[in-house]
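**Student:** Have a look; sequence and predicted model below, questions after that.
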There are 2 protein chains.
Amino acid sequence: MYEFDADTTVTPVSEGVWAATPTARWNIGPNPNGGYLLALVLAATGRQITHPDPLVASAFYLGRTEPGVAAVLSVETIKAGRSFSSAEVHLAQQGTERLRALVTYGDLSLQAGPTMVTAAPPPLPPVEECVEIDPSQTPWEFSHRFEMRMPAEMAGLFRRPPNGKAAMGGYSRLRDGRDPDVRSLALFADGFPPPILNVVEAQWVPTLELTVHFRGRPAPGWLQMWFQTRFLVGGVLEEDGEIRDSEGNLVALTRQLAVVRGGTTTAGRDS
Amino acid sequence: MYEFDADTTVTPVSEGVWAATPTARWNIGPNPNGGYLLALVLAATGRQITHPDPLVASAFYLGRTEPGVAAVLSVETIKAGRSFSSAEVHLAQQGTERLRALVTYGDLSLQAGPTMVTAAPPPLPPVEECVEIDPSQTPWEFSHRFEMRMPAEMAGLFRRPPNGKAAMGGYSRLRDGRDPDVRSLALFADGFPPPILNVVEAQWVPTLELTVHFRGRPAPGWLQMWFQTRFLVGGVLEEDGEIRDSEGNLVALTRQLAVVRGGTTTAGRDS
């Protein structure tokens, strides 16, 4: 069994109640990655909702989730409609809620309306021209779960100082060969170094809220990742992401609201 | 009392339960505008949460809300922390839930971390060079609540055919002179014609989910609005908005997931 599937296994406890134990393998420092927790939430809703694909999920992070500690996921099916179903999930550990999420499901294979994409592809060279990130050069357990390739100037995050541009992109896939699916896009949605780290020497960038729009079922292979922050105001920031599959099709749009802790603006010092 | 305040008045029923009646004054066709409903939600949470400002709100639209029908807003305070508080709201009419929302509050006046904005201002001429939108030329009751000014090429939405670019911007303020505040930004977040109508002759663009990041307390006067859709895929789209105040500061980032109903791609026919 692949790591991601093993570490997002949920077991039924009772009607609408699921048990799982987040592992430390997806940690950023001492904390499980927020996208990993959202993927765990979707493992539970996926067992309970009849529509096949999450279309949108919003997670509100309420407190620190502890790796290695049993979690209870309570899933309420709010609506079970013809085209869409919605659910709410509470993730609790030791009786304290750590995360609450809303999710709407549908069927991505049935989306038959008009298509028109005006967004330019992100300014990334082909994967073979990118630098392979050596996870032993990063301080995060999380990095060991992925193969990542980045343009040389962005890979520089891992060799300080930061480059002053709050954009970060490249290619990513699970290191153990598991191909991406819709649910795992929640993991990738928070699965790149925060672009703000190119601008601010923050110790931590905790996420308050993460919303993912699931826009397509990914083809196998590399995911193309592009994240940027355009507005850092008073230490609060949005992080916007676009994830495309190996065929170049958009598969997810992501946005999170986050806060920098212990940061100084390196760009601000220079400009 | 201003229209917006009158039409978002909530009255206490019992602990965590509030009553309100959405009015038809904010209708798009037969339906109350989704941003108006989110502002109504925030009227209830604002009475219950001690932190002064919503920082992020996500609304999941479950079914049609009926104007003129009594609604019950059930507010659960999920967390009351030192820096942040979170709440969940169910909006129901006649015993059926129509909307569920998650909100996190904080204090925008205390955000003291670093600031760095790299986003370019939207490509809009000054307000005095824009065209005043005559609400009697639009089919929406909603339009009568606002003064709106748009660049001539965008105002063309109201004189078909659409211009083929899924971007829409301009200036907006409440017609009766009420100045914007943080809560009313939820209304403005869904308060502009959907840019996709410049591309697709849709009959309706229902919102599945709307998330607003409240980034600052707006100065009095005009709000500068900029909305765009970059990915219309199979009839599903994101709509991203930036709202700045009269001093040019970002006050809200908005994103919604929506669906076009009854649409044909005019741009697709030509290109």
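**Tutor:** Good, I have the coordinates.
**Student:** How about the residue in the stretch 151-271 of chain A positioned nearest to chain B, nearest residue that isn't a chain neighbour?
**Tutor:** Distances between the stretch 151-271 of chain A and chain B by CB to the nearest CB are smallest at A:G235, namely 1.7 Å. Using the backbone N, CA and C atoms, a C-beta is placed for each residue, glycine as well. Distances taken as CB to CB, 6 or more residues apart in numbering or on different chains place B:G113 nearest to A:G235, at 1.7 Å, with adjacent residues excluded.
**Student:** if I read this right, A:A101 contacts A:L38, doesn't it?
**Tutor:** Yes - A:A101 lies in contact with A:L38 (CB atoms under 8 Å); the separation is 6.7 Å.
**Student:** about what we covered before: tally of neighbours for the residue nearest to A:G235?
**Tutor:** Neighbours of B:G113 under the rule other CB atoms under 10 Å in any protein chain shown: 19.
**Student:** How about A:H213?
**Tutor:** By the criterion of other CB under 10 Å, A:H213 has 26 neighbours.
**Student:** leaving aside the residues next to it on the chain, what's closest to A:A155?
**Tutor:** In this structure, A:A155 finds its nearest non-sequential neighbour in A:V131, 4.3 Å apart by CB to CB, 6+ apart.
**Student:** Hmm, that neighbour is touching A:M150, no?
**Tutor:** Yes - with contacts counted by CB under 8 Å, A:V131 reaches A:M150, the gap being 5.7 Å.
**Student:** how close does the residue of the stretch 151-271 of chain A closest to chain B sit to B:V89?
**Tutor:** 27 Å (CB to CB, to the nearest Å).
**Student:** Which of these two has more residues huddled nearby?
**Tutor:** Shown here are A:G235 and B:V89; by other CB under 10 Å, B:V89 has more neighbours (24 against 19).
**Student:** that's a strand at that one, yeah?
**Tutor:** Yes - counting by DSSP: H, G, I helix; E, B strand; the rest coil, B:V89 is located in a strand.
**Student:** State the distance from it to chain A.
**Tutor:** 11 Å (CB to the nearest CB, to the nearest Å).
**Student:** Quick check: the gap between the residue of the stretch 151-271 of chain A closest to chain B and A:P206.
**Tutor:** Distance, A:G235 to A:P206, using CB to CB: 11 Å.
**Student:** How about the residues of the stretch 51-200 of chain A by chain B?
**Tutor:** A:55-56, A:58, A:60, A:62-63, A:78-79, A:84, A:86, A:88, A:97, A:100, A:102, A:104, A:108, A:111-119, A:165-166, A:199-200 (CB under 8 Å from any CB of the partner chain).
**Student:** wait, A:R217 sits on A:Q111?
**Tutor:** No - under the criterion of CB under 8 Å, A:R217 is not in contact with A:Q111, lying 10.5 Å apart.
**Student:** Now do the shared contacts for the two.
**Tutor:** Counting by CB atoms under 8 Å, 6 or more residues apart in numbering or on different chains, no residue touches both A:R217 and A:Q111.
**Student:** Report the beta-bridge partners for A:S172.
**Tutor:** Applying DSSP bridges to A:S172 yields these beta-bridge partners: A:M148, A:L223.
**Student:** which ones are touching it?
**Tutor:** Listed by CB under 8 Å, 6+ apart, the contact set of A:S172 reads A:146-149, A:188, A:191-192, A:222-223, A:225.
**Student:** Kindly report the same for A:A152.
**Tutor:** A:130-131.
**Student:** let's see 10 Å
**Tutor:** A:125, A:129-131 (CB atoms under 10 Å, 6 or more residues apart in numbering or on different chains).
**Student:** again, but for A:F227
**Tutor:** A:122, A:166-170, A:189-196, A:239-243, A:254, A:256.
**Student:** Okay, helices next: where are they in the stretch 101-250 of chain A?
**Tutor:** Taking DSSP state H, counting those that start in this stretch, the helices of the stretch 101-250 of chain A run over residues A:152-155, A:185-189.
**Student:** Can you name the residues that contact the nearest residue to A:S83 once chain neighbours are set aside?
**Tutor:** Once flanking residues are discounted, A:S83 sits nearest to A:G106: 6.0 Å by CB to CB, 6+ apart. Applying CB under 10 Å, 6+ apart to A:G106 gives the contacts A:49, A:51-56, A:81, A:83-86, A:214, B:208, B:236, B:259.
**Student:** Could you tell me which helix of chain A is the longest one?
**Tutor:** If you go by DSSP state H, chain A has its longest helix at helix A:34-48.
**Student:** residues of that helix that come out buried?
**Tutor:** A:34-46, A:48 (16 or more other CB atoms under 10 Å in any protein chain shown).
**Student:** try stretch A:173-186
**Tutor:** Within stretch A:173-186, the residues that count as buried by 16+ other CB under 10 Å are A:173-174, A:178, A:180, A:182-186.
**Student:** got it, and stretch A:137-150?
**Tutor:** A:138, A:141-143, A:145-150.
**Student:** Please consider this matter closed, and thank you.
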